[in-house]
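Engineer: Next one to model:
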Amino acid sequence: MNKKFAILSLCIFSLAFVALNDLVEDWDTLEGSADNLERFWNESLWPPNTDVWGPENWRDGTQRHPTGEICEADSIQFFCSKAWHGIYETIKMAFVATLIGFIIAIPLSSFAANNLAPIPIAVTARIILAGLRSLPSLIWAVLFVVAIGLGPLSGILAMTVYTIGYLGKLQYEAFEGLQNAPLEAGMAMGLTNSERLFFIVIPESGNELLSQLMFMFEYNVRHGTVLGLVGAGGIGLYIDTYLKLYEYDSVMALLIVIFAVVVVIDLVSMGIRSFVTDEGDVKRPTWINMIAQSIGATKKSPFEEE
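Structural biologist: So this is what the prediction gives:
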């Protein structure tokens, strides 16, 4: 087995090298690239322009939000800045799009799972999900900007569509990875497809679904910075403005804010996953038991851990 794996790995890496060599016409272009990056970093990016982390100074002597509202003297200066206004809008867009996309993707992914739906329905659902994720959210944003105009709504719709396609694939793969015993027991009990989905499939794959949800939220926050380049709202609008003005040090300051937010989201995600996991000395109630208790079930669930 190890020998076969080694041979397969060698073949794959060899094909990758051949493809790379075919794509790169002149390897000499790499010469001096490190010096170019260092020069660009020192001359244009660093140090970052921290003015974008504070309020705007108006001619009347007041400090204001990017929206024009006066920034109170006792308020935190960062909360009056373009950086905060942009990243806060991006987070709200990503949160709404991720939540709506996650909810819509669950029933679609159940239709796409081979162990939950007939093959014709599963194939049709997979084609739909593949179509939704075949276009990047940037292209969806362009389409929605053309359809409904500039603004955060276009960005939300673009991220929602891509989230449905992306999470749908991850979800039906997670559903297909479930053990057959709980599903067969549910069928023996006479549960409908929707009941099996909500009382067996979702509880049994809950940790995976939560990880996918948190990852997609982080992805949408990061990618929301790109959607602003086409006028779909968020911090990307400010990045696009500074790029056009060649103020790369201001762009660097905004990128630092984005990096900090992504790190915080990852830490929060880690805490949430550790809270709901079943591992550890403290035995937490399973999702199936919590749902059964909430609907007033009188019989003990056959999937409850002893």
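Engineer: how about the helices in the stretch 1-150 of the chain?
Structural biologist: Per DSSP state H, counting those that start in this stretch, the stretch 1-150 of the chain carries helices over the ranges 2-23, 33-40, 82-112, 119-134, 137-148.
Engineer: residues contacting residue 266?
Structural biologist: residue 218 (CB atoms under 8 Å, 6 or more residues apart in numbering). Any C-beta I mention is one placed from the backbone N, CA and C, and that applies to glycine too.
Engineer: Which of the helices or strands spans it?
Structural biologist: According to DSSP states H and E, residue 266 maps onto helix 248-276.
Engineer: Determine how far that helix lies from the middle of the whole chain.
Structural biologist: 12 Å (CA atoms, centre = their mean, to the nearest Å).
Engineer: got the angle between it and helix 33-40?
Structural biologist: 100 degrees (axes from the mean of the first three to the mean of the last three CA atoms, to 10 degrees).
Engineer: related to what we said a few turns ago, in terms of mean pLDDT, which of the helices of the stretch 1-150 of the chain ranks lowest?
Structural biologist: Mean pLDDT values for those show the minimum at helix 33-40, a mean of 81.
Engineer: how far does it sit from the chain's center?
Structural biologist: Taking mean C-alpha positions (CA atoms, centre = their mean), helix 33-40 and its chain are 32 Å apart.
Engineer: which residues of the stretch 201-306 of the chain score low on pLDDT?
Structural biologist: 274-306 (pLDDT under 70).
Engineer: how about residue 205, what does it touch?
Structural biologist: 171, 174, 175, 177, 178.
Engineer: got the angle between the helix holding residue 266 and helix 82-112?
Structural biologist: Using the same axes, to 10 degrees: helix 248-276 against helix 82-112 is 50 degrees.
Engineer: Next one: residue 64, what pLDDT does it get?
Structural biologist: 74.
Engineer: what's the neighbour count on it?
Structural biologist: 15 (other CB atoms under 10 Å).
Engineer: now residue 162
Structural biologist: By other CB under 10 Å, the residues close to residue 162 number 26.
Engineer: And it, how far from residue 41?
Structural biologist: Per CB to CB, to the nearest Å, residue 162 is found 32 Å from residue 41.
Engineer: Equivalent analysis for residue 67, please.
Structural biologist: Residue 67 is 33 Å from residue 41, by CB to CB.
Engineer: Give the residue from these two that has the larger number of neighbours.
Structural biologist: Set side by side, residue 67 and residue 41 show more neighbours around residue 41, with 12 against 7, by other CB under 10 Å.
Engineer: distance of the more buried one from residue 130?
Structural biologist: Residue 41 is 40 Å from residue 130, by CB to CB.
Engineer: now do residue 250
Structural biologist: Taking CB to CB, one finds residue 250 at 39 Å from residue 130.
Engineer: So those two - more neighbours on which side?
Structural biologist: residue 250 (22 against 13).
Engineer: Need the phi and psi values for the residue most central in space within the chain.
Structural biologist: In the chain, the residue lying closest to the centroid (CA atoms, centre = their mean) is residue 216, at 2.2 Å. According to degrees, to the nearest 10, the main-chain angles of residue 216 amount to phi -70, psi -40.
Engineer: which residues touch the closest residue to it other than its chain neighbours?
Structural biologist: In space, and not counting its chain neighbours, residue 216 is closest to residue 98: 5.2 Å by CB to CB, 6 or more residues apart in numbering. Residue 98 makes contact with 159, 163, 213, 216, 217, 220, according to CB under 8 Å, 6+ apart.
Engineer: Which of the residues you listed are buried, as a ChimeraX select command?
Structural biologist: Of these, the buried ones go into a single ChimeraX selection, burial set by 16 or more other CB atoms under 10 Å:
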select :159,163,213,216,217,220
